[in-house]
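# could you look at this predicted model? Sequence included:
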Amino acid sequence: MAFVRSVKVAPNSASLEEARSRVFDFFRSACRAIPTIMDMYNLQDVVSPSELRSSIASQIRHNSHITNPKVIDMLLFKGMEELGNIVEHAKQRHHIIGQYVVGRGGLVQDLGTKDQGSSNFLKNFYGGNYF
């Protein structure tokens, strides 16, 4: 089992600056866990550590507009729980790839090259089966 330095989240941050520093501590601990996660889930063939780090940073930046320290603490708790689940191997490889490598938008499908010369039936079939 991997060692992840725990970031303690108090029920309430005293200020926005304190909550912000806790977010930075969480990001550092998540980045320190990336090599272990890469080995544990065998992600070397799918993603690089820097791409995984960028994915984590983008999810943190997604909530950068929040200024309520209590909401930040709640999001930080959820992030620590997610990191703990990943490090404790409570998720499978396809969960990690789907959420952090592919992203919420899904795979980008190139329909132009596949549909050349296809019948209307196949075009409709392919179009209906993409998420």
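It's in. Please read these numbers as outputs of a predicted model, since none were measured by experiment.
# ok, the nearest residue to residue 16 once chain neighbours are set aside - how many residues close by?
Leaving aside its sequence neighbours, residue 16 sits nearest to residue 69 (C-beta to C-beta, 6 or more residues apart in numbering; 5.5 Å). Every residue, glycine included, has its C-beta placed from N, CA and C. Residues near residue 69, counting by other C-beta atoms under 10 Å, number 19.
# hang on, residue 69 packs against residue 21?
No - counting by C-beta atoms under 8 Å, residue 69 does not reach residue 21; the two are 11.2 Å apart.
# same question for stretch 98-115, mean pLDDT?
Averaged across stretch 98-115, pLDDT comes to 63.
# name the helix or strand of this structure that has the lowest mean pLDDT.
helix 111-114 (a mean of 54; mean pLDDT, DSSP states H and E).
# that helix: what's the following helix or strand?
The helix or strand immediately downstream of helix 111-114 is helix 120-129, counting by DSSP states H and E.
# against which helices or strands is that following helix packed?
In terms of contacts (3 or more C-beta pairs under 8 Å, 6 or more residues apart in numbering; DSSP states H and E), helix 120-129 is packed against helix 111-114.
# is it true that residue 30 touches residue 83?
Yes - counting by C-beta under 8 Å, residue 30 does reach residue 83; the two are 5.5 Å apart.
# ok, now which ones touch the residue most central in space within the chain?
Nearest residue to the geometric centre of the chain (C-alpha atoms, centre = their mean): residue 100, 3.7 Å. For residue 100, the contacting residues are 47, 52, 55-56, by C-beta atoms under 8 Å, 6 or more residues apart in numbering.
# and if you look at residue 18?
residue 69.
# measure it to residue 24 for me?
Distance, residue 18 to residue 24, using C-beta to C-beta, to the nearest Å: 11 Å.
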